[in-house]
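>>> no sequence for this one, just the structure:
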Ligand SMILES: Nc1nc2c(c(=O)[nH]1)N=C([C@H](O)[C@H](O)COP(=O)(O)OP(=O)(O)OP(=O)(O)O)CN2
């Protein structure tokens, strides 16, 4: 059965603090693209619909997450003092703050997105599974997550926002 591949574009901002001397310690933004490749063991309905699932049924919830939660989110590490700044001064914007344990690198973000689409496909009882997720941070930097996540990649922040099939992007309490 042919694989299906979808791409979505969004804007984001982040800053990386582990390397204090890096220019990436200042908040900055990127216009990024996320591409997911989906595979299935099911057979298409030859002579009928000629597909296993419509594009719409496969991508509506996923793209709803990208458009409704990822686009224009600010990504921070849980220890970043800017998180407390938002908590204190602009709590109404916390739903646009994506929080990571550690720096919000493109690698961390790609693993988080992969776990989110896995959660969505599982919740939908989809016949498809994600076999690759590519996250283009800039035209010259792309992170690719393959078919199988390691135990460490699944265990990091386990049970948190990235494992829920919803629009959440942090685990902050109101
Ligand atoms: N391993 C990682 N390293 C860096 C990340 C990351 O997510 N993972 N991110 C950054 C910054 O976001 C930075 O904005 C991108 O860095 P850079 O490669 O310097 O971007 P350029 O557009 O300037 O790339 P060139 O192709 O070299 O012009 C830094 N590091």
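It's in. Bear in mind that the values here come from a model prediction, so they are computed numbers and not experimental data.

>>> next, give phi and psi for residue 93.
Backbone torsions for residue 93, taken as degrees, to the nearest 10, come to phi -100, psi 10.

>>> so it makes contact with residue 86?
Yes: taking contacts as CB atoms under 8 Å, residue 93 lies within contact range of residue 86: 6.0 Å. For glycine as for every other residue, the C-beta is placed from the backbone atoms N, C-alpha and C.

>>> and these two? which has more neighbours close in?
Between residue 93 and residue 86, counted using other CB atoms under 10 Å, the more crowded position is residue 86 (18 against 12).

>>> contact partners of the strand ranked longest in the chain?
If you go by DSSP state E, the chain has its longest strand at strand 28-40. Under the contact criterion CB atoms under 8 Å, 6 or more residues apart in numbering, strand 28-40 has outside partners 1, 3-15, 52-53, 58, 62, 66, 70, 113, 117, 121, 127-138.

>>> those residues, buried ones only, as a ChimeraX selection?
Burial among those is assessed by 16 or more other CB atoms under 10 Å; the matching ChimeraX selection reads:
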select :4,6,8,10,12,13,14,15,52,53,58,62,66,70,113,117,121,127,128,130,131,132,133,134,135,136,137
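
>>> which among the contacts of strand 28-40 are in contact with the ligand?
Residues of the contacts of strand 28-40 in contact with the ligand (CB under 6 Å from any ligand atom): 137-138.

>>> helices - which of the contacts of strand 28-40 land there?
Among the contacts of strand 28-40, DSSP state H puts 58, 62, 113, 117, 121 in helices.

>>> what stretches of the protein score poorly on pLDDT?
Low-confidence segments of the chain (pLDDT under 70): 174.

>>> can you pull out the strands in this structure?
Counting by DSSP E, one finds strands in the chain at the ranges 4-14, 28-40, 73-77, 97-100, 128-138, 141-145.

>>> between the last one and strand 128-138, how many degrees?
Relative orientation of strand 141-145 with respect to strand 128-138: 160 degrees, computed using axes from the mean of the first three to the mean of the last three CA atoms, to 10 degrees.
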